[in-house]
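K.L.:
got a predicted structure here, sequence first:
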Amino acid sequence: SSDGRVLATGAHDGAIRLWDAQTGQLLRVLEKHGSRVNSVAWSPDGRIIASGSADNTIRLWSAESGQVVRTLVGHTESVIAVAWSPDGRVLASSASDTTVRLWDAASGQLLRTLEGHTDWVYSVAWSLDGRFVASGSGDSTVRLWDAETGQLSQTLREHTGKVLFVAWSPSGRVLASAAADTVFLWDSQNMRLLQTIENHTGEVHSVAWSPDGKVAASGESDAAVRLRDAANGQLLRTLRGHTRDVLSVAWSLDGRVIASGSEDNTVRLWDAQTGQLLRVLTGHTNETRSVAWSPDGRFVASGSRDGTVRLWDVGTGRLLRTLEGNMQFVTSVAWSPDGRVVASGGWDSTVRLWDAASGELLRTLEGHTQFVTSVAWSPDSRVVASGAEDLTVRLWDVQTGRLVRTLGEHAGFVRSVAWSPDGRLLASGSDDRTVRLWDTGTGQLLRTLAGHMDDVRSVAWSPDGRYLASGSWDGTIRIWGVR
């Protein structure tokens, strides 16, 4: 509330709760929305509470009586944010229908619909003088609107991920916008970028060691690839260019180039030394979930949610071959160490082996009962390991297609598997927040590494086999001494 005495909260049960800010006592429960409440805001005079809900409506409540004063209907999808003008006469709302709407608070009349965003609008905020409304969207832009005319005044395009929050400073001189863990500060007079603040704590989707073991690359949820010193964890470089989460990273065997796959459907190739973007490989029609280099460094394989595996010539960027076979959603690809076969896993619960030269399907390995999430080759190219949402890791004989062993100790989906360089150990990372180490000869569980606070999405061995890196949705990369 404006006097700081009462706190309003919205919840998934569709209720709004009012709390005594001093004692924490529950004062009142307002129950009228038909779905979760995404946003609540007090009017400047403290008399009205506005709430936006996934039931597509905005409701105005009397703070004194707890009764609904008015219901505002017009959004066609979930209302994500609501914000009052400084004088309390107009309410701004944003929604997953990609619009911002301005409402007369007294009558409930829709004054204006602001259209231009191409994705969900997550946040709205008024300038202190009430002349402008700022909006942040999943289309990676911040837009400034003239509140009187509804005209688009300016579009700020520096962000590379979803803009989740916008807010004006108390002085009104600075506008802040946040996407994942990057905050941009803008001069409100000319909208010049003043400062970039990075403090990444978002989800880590993928990790990969450089061939010399000195650098760990990670693909992260703020659309960035980050390079860190493996010895001390220091951030060396941030590679930006993707517009959505980076789901997979892989080093060329000479350590000179990094490939990354993203939710933006592309594969990007980066100079590992300078961070320069070398090439963008386009062709997938849905997110690129996995990338893998051929041993000679001439080709990259990519697996996508569009159900295909694509093989690319790194030198020219040309698409060489598209591998298709009723795979639905390809989650993982891996090139055999001898360069002859590409393995893929996906939502059809199978592992498929492809001839890299001809694109011919050589064998389909069946046995998993849920989606296959990860595939990895043994160093001698004789065995493929696969992890799946059936909570198991399976080892397959490549020549015969026979299931050699099933490893089944995880309590959550298996998200990543990786062989040690000598082939004696296999690491697996899981939604149960653990990393497990297995003896590949006996199938015995040797060790469980616990410490992550969320799903473990990626595991990778150092080239000398002494260390294991694990990346998690808890925002951390952990380096384990395993030898």
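P.N.:
Yep, that arrived.
K.L.:
after the worst-scoring helix or strand of the chain on mean pLDDT, which helix or strand is next? Please name it.
P.N.:
Across the helices and strands of the chain, mean confidence by mean pLDDT, DSSP states H and E is lowest for strand 193-198: a mean of 73. Under the assignment DSSP states H and E, the closest C-terminal helix or strand after strand 193-198 is strand 204-209.
K.L.:
next, the angle strand 204-209 makes with the helix or strand following that following strand.
P.N.:
Next helix or strand after strand 204-209 toward the C-terminus (DSSP H and E): strand 215-220. Note on geometry: by axes from the mean of the first three to the mean of the last three C-alpha atoms, to 10 degrees, strand 215-220 and strand 204-209 are set 160 degrees apart in direction.
K.L.:
so what are the sheet partners of strand 215-220 and their directions?
P.N.:
For strand 215-220, the paired strands and their directions (DSSP bridges) are strand 204-209 (antiparallel), strand 224-229 (antiparallel).
K.L.:
for Ala147, which of those is the nearest?
P.N.:
strand 224-229 (33.8 Å; C-beta to C-beta). Placement of C-beta: from N, CA and C, glycine included.
K.L.:
for the stretch 301-450 of the chain, what spans make up the strands?
P.N.:
308-313, 319-324, 330-335, 341-346, 350-355, 361-366, 372-377, 383-388, 393-397, 403-407, 414-419, 425-430, 434-439, 445-450 (DSSP state E, counting those that start in this stretch).
K.L.:
chain center to the last one, what's the gap?
P.N.:
Distance of strand 445-450 from the chain centroid (C-alpha atoms, centre = their mean, to the nearest Å) equals 27 Å.
K.L.:
the helix or strand Gln154 falls within pairs with which strands, and in what direction?
P.N.:
If you go by DSSP H and E, Gln154 is part of strand 152-156. Strand 152-156 has the following sheet partners, assigned by DSSP bridges: strand 142-146 (antiparallel).
K.L.:
next one: phi and psi at the residue lying farthest from the centre of the chain?
P.N.:
Using C-alpha atoms, centre = their mean, the residue of the chain lying farthest from its centre is Ser65. It sits 41.9 Å away. The phi/psi pair for Ser65 (degrees, to the nearest 10) reads phi -100, psi -20.
K.L.:
any idea how far it lies from Arg47?
P.N.:
10 Å (C-beta to C-beta, to the nearest Å).
K.L.:
now do stretch 404-418, average pLDDT.
P.N.:
Mean per-residue pLDDT for stretch 404-418: 94.
K.L.:
an error on my part: the question was meant for stretch 213-231.
P.N.:
The model assigns stretch 213-231 a mean pLDDT of 89.
K.L.:
cool, stretch 334-344 as well?
P.N.:
On average, stretch 334-344 scores 96.
K.L.:
could I get the buried residue list for that stretch?
P.N.:
By 16 or more other C-beta atoms under 10 Å, the buried positions in stretch 334-344 come out as 334-336, 339-344.
K.L.:
now distance to Glu360 too, for the residues you listed, in a markdown table please.
P.N.:
Converted to a markdown table, the buried residues of stretch 334-344 look like this (distance: C-beta to C-beta, whole Å):
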| residue | distance to Glu360 |
| --- | --- |
| Ala334 | 18 |
| Trp335 | 16 |
| Ser336 | 15 |
| Gly339 | 15 |
| Arg340 | 12 |
| Val341 | 10 |
| Val342 | 11 |
| Ala343 | 14 |
| Ser344 | 13 |
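K.L.:
list the residues that contact Gly10.
P.N.:
Applying C-beta atoms under 8 Å, 6 or more residues apart in numbering to Gly10 gives the contacts 16, 36-40, 51, 53.
K.L.:
separation between the most centrally placed residue in the chain and Arg457?
P.N.:
Taking C-alpha atoms, centre = their mean, the centroid of the chain lies closest to Ser221, which sits 3.7 Å from it. Per C-beta to C-beta, Ser221 is found 10 Å from Arg457.
K.L.:
Val69 too?
P.N.:
Counting by C-beta to C-beta, the gap from Val69 to Arg457 is 46 Å.
K.L.:
who's more crowded, the two?
P.N.:
Arg457 (25 against 17; other C-beta atoms under 10 Å).
K.L.:
and that one, what element?
P.N.:
With DSSP H and E as criterion, Arg457 is part of strand 456-461.
K.L.:
Provide a list of residues in contact with Arg226.
P.N.:
Arg226 neighbours (C-beta under 8 Å, 6+ apart): 200, 217-218, 220, 235, 237-239.
K.L.:
nearest to Val414 among these?
P.N.:
Of all those, Val414 sits closest to Ser218, with 19.8 Å by C-beta to C-beta.
K.L.:
report the beta-bridge partner residues of that closest one.
P.N.:
The partner residues for Ser218, given DSSP bridges, come to Val207, Arg226.
K.L.:
one step back: neighbouring contacts of the strand holding Gln154?
P.N.:
Here strand 152-156 makes contact (C-beta under 8 Å, 6+ apart) with 114, 116, 132, 141-146, 177, 184, 186, 191, 193.
K.L.:
tell me the one among the residues you listed nearest to Ser349.
P.N.:
Using C-beta to C-beta, those come closest to Ser349 at Thr141, 39.2 Å.
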